[in-house]
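Participant: Just need the structure, nothing else, for what follows:
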Amino acid sequence: MTYLYAVTEKLELVRPGETLNLLDQARTYEVNGQFFAKVLTQPGALLVDTHATYPVGGAFVNLTPAGACPGIGGMVFLEADPATIRARRLARGRASEATELGMIEREAVAERAEVERLSRLGRIPTCRIDTAAVPLEEAVRLAIAFVESVDWQTR
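Facilitator: This next block holds a predicted model:
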């Protein structure tokens, strides 16, 4: 299995002067459509590290266009309560991550809704792991077991 950090791959697809986190919904789908068209032609199973949504202004854009669903064999959705997410973000200290609790709550709702939409739309098997409820070792074990259970050849 090959690991891909989606942001790194997508940076090659934006125009000069464009910033991934400022794209509107149409341009986001365009870039992500190109990303999936490129990576889904690669042989073997891929583990793509990405979010389902991204905050732009006071709203959220969805990252995965419907056309990518047939190539997605499964999704591992890592979630936690907003207070836990906030504490983790404060510890990381990344300026690009929201740390205001209300924004994190809205982001968590948007992420969950988009993962559920993609799962239904593409009939994509989804493993949800509450990372605040289980130790890291257990979360890793659950994710590995799920990935190993997916039939990657049928996608």
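
Participant: now the strands for this protein?
Facilitator: 2-5, 46-49, 53-56, 59-62, 75-79, 126-130 (DSSP state E).

Participant: Would you mind saying which of these lies nearest Glu138?
Facilitator: strand 126-130 (8.5 Å; Cβ to Cβ). Just so you know, the C-beta spots here come from the backbone N, C-alpha and C atoms, and that holds for glycine as well.

Participant: what's the average pLDDT for the closest one?
Facilitator: For strand 126-130, mean pLDDT rounds to 96.

Participant: Touching it from outside, list them.
Facilitator: Contacts with strand 126-130, where a contact means Cβ atoms under 8 Å, 6 or more residues apart in numbering, come from 74-80, 115, 119, 139, 142-143, 146.

Participant: Can you say which of the residues you listed are buried?
Facilitator: Buried subset of the contacts of strand 126-130 (neighbour count, 16 or more other Cβ atoms under 10 Å): Gly74, Met75, Val76, Phe77, Glu79, Ala80, Val115, Ser119, Ala139, Phe146.

Participant: and the third one, what does it touch?
Facilitator: Okay, so that is Val76. Contacts of Val76 by Cβ under 8 Å, 6+ apart are Thr126, Cys127, Ile129, Ala143, Phe146, Val147.

Participant: picking that back up, could you point out which of the buried ones among the contacts of strand 126-130 is nearest to Ala87?
Facilitator: Ala80 (9.3 Å).

Participant: ok, the closest one - contacts?
Facilitator: Taking Cβ under 8 Å, 6+ apart as the test, what Ala80 contacts is Arg88, Asp130, Thr131, Ala132.

Participant: All set now, cheers.
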